[in-house]
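In: please find the sequence and the predicted model below.
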Amino acid sequence: MEKVYEDKIIHRMNRIEGQLHGITRMMKEEASCKDVVTQLSATRSAIDRVIGLVVSGNLIDCVTNDETADNHEQAVAEAVQLLLKSR
């Protein structure tokens with residue numbers, strides 16, 4: 001079976017999960033709003049990076065494994081739509 005997501009992406013997701021648990025703990029401990037928002041922003045940035053990696057990996061895979069020019073254009077259009085949707 002072919003790996004769909006690289007180990008580095010899974011590792012990033014595990015780190016993000018840890019960040020979220022840490023933020024929840026901060027909230028339960030009534031940390032300052034500034035600290036919580038800072039950590040939430042960092043988590044959002046990490047998720048944005050994962051989205052970029054997933055979309056770019058998918059685009060590269062589609063373009064290199066598909067031999068028709070029409071499908072290349074469609075793959076690029078779909079990748080752009082995914083990026084726009086993530087915003």
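Out: Cool, got the structure. The structure displayed is predicted, hence computed values, not measured ones.
In: need the nearest residue in space to residue 50, chain neighbours excluded.
Out: Once flanking residues are discounted, residue 50 sits nearest to residue 12: 5.3 Å by CB to CB, 6 or more residues apart in numbering. C-beta: built from backbone N, CA, C; applies to glycine.
In: element containing that neighbour, please.
Out: Using DSSP states H and E, residue 12 sits in helix 7-28.
In: pull out the buried residues from that helix.
Out: 9, 12, 16, 19, 23, 26 (16 or more other CB atoms under 10 Å).
In: for the record, mean pLDDT for it?
Out: Across helix 7-28, pLDDT averages out at 96.
In: now for that helix, which elements pack on it?
Out: For helix 7-28, the elements it packs on are helix 33-65, judged by 3 or more CB pairs under 8 Å, 6 or more residues apart in numbering; DSSP states H and E.
In: quick one: buried residues of the helix it packs on?
Out: 39, 43, 46-47, 50, 54-55, 58-59, 62.
In: now residue 33: how far from residue 20?
Out: From residue 33 across to residue 20, the span is 17 Å (CB to CB, to the nearest Å).
In: before we move on, the earlier item: now the buried residues of helix 7-28 as TSV including distance to residue 80?
Out: Below are the buried residues of helix 7-28 laid out as TSV (distance: CB to CB, whole Å):
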residue	distance to residue 80
9	20
12	22
16	24
19	28
23	31
26	36
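In: what's the closest of those to residue 79?
Out: Distances from residue 79 to the buried residues of helix 7-28, taken as CB to CB, are shortest for residue 9 (15.9 Å).
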